[in-house]
Every structure is written in C-alpha cells, then in structure tokens.
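Engineer: predicted model, plus sequence, below.
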Amino acid sequence: MDKFKAFLKRKDIEISLKRYGIDALGAMAQGLFCSLLIGTIINTIGTIFHISFLITPVATIAGTDYTVGGLAMAMSGPAMAAAIGRALKCPPLVLFSLITVGFASNALGGAGGPLAVLFVAIITAEIGKMAAGETKVDILVTPLVTIGVGVFFSWLLAPPLGSLAMMVGDFIMWATDLQPFLMGILVSVVMGIALTLPISSAAICAAFGLTGLAGGAAVAGCCAQMVGFAVMSFPENRWGGLISQGIGTSMLQMPNIVKNPRVWIGPTVASAITGPIATCLFHLRMDGPAIDSGMGTCGLVGQIGVFQGWISGIEAGTRASITGMDWLGLILISFVLPAILAPLINAFCRKKGWVKDGDLTLM
C-alpha cells in the first residue's frame with residue numbers, strides 16, 4: 001500500500017474533492033466557454049449584424065456544413081477533455097490523447113455529454129498518467145493506453161451518464177414549469193451559491209442541460225450574486241471591484257465569506273427574491289445554450305444567451321417578436337433588482353452588527 005501511495009504521489013494523482021469537484025469541473029467550464037459558448041456568440045453576432053463571413057459555411061465535413069461558430073461548437077468535447085487534463089496536470093502525451101477521448105464521450109453522451117466528458121476524462125487522465133513515462137516507447141504506449149481506456153469508458157459510461165444528466169435536468173425543468181414560484185427560489189439560490197463557490201455553476205448547468213424557465217431562474221440567481229456583491233461592496237472596492245465582480249466573478253468574495261459568512265446574506269436573499277420574479281412575473285427563459293444559464297453577468301454571457309433564445313424562437317416560429325416586457329424583465333432581473341436588493345439587505349445586516357466596514361474588501 002505504501003508503494004502504491006508513493007507511486008500515486010510520483011504521478012501527481014490526488015484523489016480529492018478539490019481536484020475533481022473544483023479544479024476539473026472549473027476547467028471543464030473553461031473548455032465549454034472556449035468552444036460551445038464562443039461558437040454560439042459568434043453565430044449570434046453574425047446573425048444580428050448580418051456578417052456574411054460568420055453565417056456562411058466555411059467547411060463541409062461528411063455532408064455537414066459548418067460556419068466559423070459551428071466549428072468551434074463542434075469541438076466542445078475535445079475542448080472540455082483537454083481542459084480537464086490540464087487541470088489534472090497531465091503530461092503532454094496524455095493531454096493530447098484526451099482530445100479523442102473528449103470527442104468520443106461527448107458524442108456518446110448525447111445531450112448529457114458534458115457530464116459524461118467530466119467523468120470519463122477524469123478516469124482516463126489518471127490512468128494515462130499512470131502509464132506515462134513507464135516504458136522506453138512512451139510515445140506509442142501512452143497514447144494507446146489513454147485513447148484505448150478513454151474510448152472504452154466512453155462506450156461503457158457515456159450513454160448512461162448522459163441519460164442520467166438529462167433525466168435530472170428534465171426533472172428540474174419539469175418541476176420549475178409545474179411550480180415556478182418554489183422552484184424559482186430553489187434553482188436561483190442553489191445556482192447563485194454555486195457560482196460564488198469555487199465550483200462552476202456554468203458546468204453544472206451544461207451538464208444537466210438546464211434551460212427554459214429553470215435556466216431563467218439560474219440566470220437570476222447568478223446575477224443576484226455577481227451584481228449584488230459588486231454593488232454592495234462598492235464603498236470598499238470602488239470601480240475596480242464593481243467591474244471585476246459585476247462582469248467577472250463573485251468568487252472573488254470567497255475569502256471574505258470564509259471569514260464572515262454573513263456577508264453572503266444579501267446576495268443570497270436577493271436571489272431568493274429575483275428567482276420567482278423571473279419565473280412567475282416575467283417568465284424569463286434561457287432558450288440559448290445551457291451553459292449560459294450559469295454564467296450570470298460574466299461577460300454578459302447570460303444576457304446574450306437569453307437574447308439568442310429570443311432570436312431562435314422568432315426564427316423557429318415559436319415567438320412572434322421581442323417585446324418591451326421581455327427587455328424590462330431581463331434588465332430588472334439581471335441588473336436593477338440585484339443592485340437594489342442586495343445592498344438593502346446588507347444594510348440591515350450592518351445595522352444588526354453582522355457585517356462591518358472592511359468585511360467585503362477584496363484581497
């Protein structure tokens with residue numbers, strides 16, 4: 001056992017929640033961002049501004065036409081797997097072999113492909129690391145082991161994992177449609193908290209395919225955290241903090257949350273309020289990519305996703321037009337209400353002595 005532990009240490013294999021649940025999951029979201037999400041944004045920009053280069057197919061592969069954005073979107077599986085491999089500190093031959101593994105697991109996982117990629121890439125990366133550098137013909141052995149193991153586990157695990165992810169996502173979306181008030185609160189609060197924690201709300205939303213009303217509630221919760229923290233900490237952090245948290249990430253507040261968890265009350269209660277307003281009053285839906293549901297105001301990706309869903313609905317004939325009520329709901333839920341509610345609730349916390357000057361200062 002001691003020898004095996006020493007072997008794992010030498011191979012930098014750390015079996016822990018942080019390595020797999022935070023590092024790998026966060027990296028997967030970055031891979032999705034650099035493929036599926038960017039591809040979607042490119043397509044949306046091309047459609048809105050009628051940029052022919054962006055909406056005209058630039059390649060035809062196996063009878064399928066691809067635009068620039070389409071090519072990026074098609075690489076989501078390889079991008080996720082490579083990002084996970086980098087987070088797990090894979091040597092080059094393992095990292096590059098994971099590209100094939102990511103494609104296989106994402107394709108076999110179907111609509112729930114991101115969850116399949118997460119599990120299969122983690123397993124494969126660690127086994128590949130075990131094999132790497134152990135023979136004199138490493139350049140042959142390592143890719144063979146990594147790709148062989150990865151494709152096998154893709155065949156074995158990806159379909160059931162993909163189906164499970166979609167079942168969970170479908171249940172959440174069904175429950176939100178059935179009980180928009182209660183589920184609006186639950187989804188908004190949970191996804192908002194996930195966004196601020198050192199895990200990836202975007203990857204969670206992508207893994208479970210969270211769209212529709214549930215996606216709208218997730219957008220509300222994420223925006224409440226980001227804009228809420230940005231505005232209520234403005235006296236301490238000024239404009240730099242407003243921008244870094246408001247269109248960057250509220251995760252920057254985690255050290256302060258650890259020191260005084262009560263600073264989290266304002267944004268979290270705000271998300272519990274804006275979530276049901278989004279689902280019940282404005283019927284805010286995320287009909288764009290599921291990953292957008294967990295992005296909040298980060299680069300305005302959540303808002304772009306909602307807008308893209310409106311455009312797609314018009315093109316599909318399921319929506320007549322974009323109304324003033326649509327815009328009002330998106331602006332209020334994304335920016336105005338979090339900027340008002342979180343500071344007001346935090347002011348109450350300060351009055352009670354729960355939050356003091358300097359508690360929200362970024363390190």
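Structural biologist: Perfect, thanks for sending it.

Engineer: and for D326, the neighbour number?
Structural biologist: 18 (other CB atoms under 10 Å). Yep, even glycine has a C-beta here, placed from its N, CA and C like the rest.

Engineer: tell me the helix or strand right after the lowest-mean-pLDDT helix or strand in the chain.
Structural biologist: When each helix and strand of the chain is scored by mean pLDDT, DSSP states H and E, helix 38-49 comes last, with a mean of 81. Using DSSP states H and E, the helix or strand that follows helix 38-49 in sequence is helix 52-55.

Engineer: now for that next one, which elements pack on it?
Structural biologist: helix 38-49, helix 68-74 (3 or more CB pairs under 8 Å, 6 or more residues apart in numbering; DSSP states H and E).

Engineer: other residues contacting the least confident helix or strand of the chain?
Structural biologist: The contact list for helix 38-49 (CB atoms under 8 Å, 6 or more residues apart in numbering) reads 51-55, 67-74, 76, 288-289, 292, 301, 304-305, 307-308, 311.

Engineer: try stretch 139-148
Structural biologist: With contacts defined as CB under 8 Å, 6+ apart, stretch 139-148 is touched by 91, 93-94, 96-98, 100-101, 124-125, 127-128, 131-135.

Engineer: surely K356 forms part of a helix?
Structural biologist: No: read with DSSP: H, G, I helix; E, B strand; the rest coil, K356 is coil and lies in no helix.

Engineer: what sits closest to it if chain neighbours are left out?
Structural biologist: Sequence neighbours aside, R350 is the residue nearest to K356 in space, at 7.2 Å (criterion: CB to CB, 6 or more residues apart in numbering).

Engineer: buried residues, the helix or strand harbouring the one you found. List them.
Structural biologist: Per DSSP H and E: R350 is located in helix 337-351. For helix 337-351, a neighbour-count test (16 or more other CB atoms under 10 Å) marks 337-339, 341-343, 345-346, 349-350 as buried.

Engineer: what's the answer for stretch 232-243, then?
Structural biologist: By 16+ other CB under 10 Å, the buried positions in stretch 232-243 come out as 232-234, 237, 241-242.

Engineer: among these, which ones are in helices?
Structural biologist: Mapping the buried residues of stretch 232-243 onto helices (DSSP state H) picks out 232, 234, 237, 241-242.

Engineer: save these as a markdown table, and put in pLDDT and distance to I147 too.
Structural biologist: Below are those laid out as a markdown table (pLDDT from 0 to 100; distance: CB to CB, whole Å):
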| residue | pLDDT | distance to I147 |
| --- | --- | --- |
| M232 | 95 | 50 |
| F234 | 94 | 51 |
| N237 | 93 | 47 |
| G241 | 89 | 45 |
| L242 | 93 | 47 |
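
Engineer: could you dump those to JSON lines with distance to T318?
Structural biologist: JSON lines is the format used below for those (distance: CB to CB, whole Å):
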{"residue": "M232", "distance to T318": "38"}
{"residue": "F234", "distance to T318": "40"}
{"residue": "N237", "distance to T318": "42"}
{"residue": "G241", "distance to T318": "41"}
{"residue": "L242", "distance to T318": "37"}
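
Engineer: return the member of the residues you listed nearest to V120.
Structural biologist: For these, the residue nearest V120 by CB to CB is G241; the value is 39.0 Å.

Engineer: list the contacts for the closest one?
Structural biologist: G241 is in contact with 230, 233-234, 252, 362, counting by CB under 8 Å, 6+ apart.

Engineer: between all of these, which two are separated the most?
Structural biologist: By the measure CB to CB, F234 and L252 form the most distant pair in those, at 13.6 Å.

Engineer: any buried residues in stretch 130-150, and which?
Structural biologist: 130-132, 141-143, 145-147, 149-150.

Engineer: likewise stretch 240-260?
Structural biologist: Residues of stretch 240-260 classed as buried: 241-242, 245-253, 256-257 (neighbour count, 16+ other CB under 10 Å).
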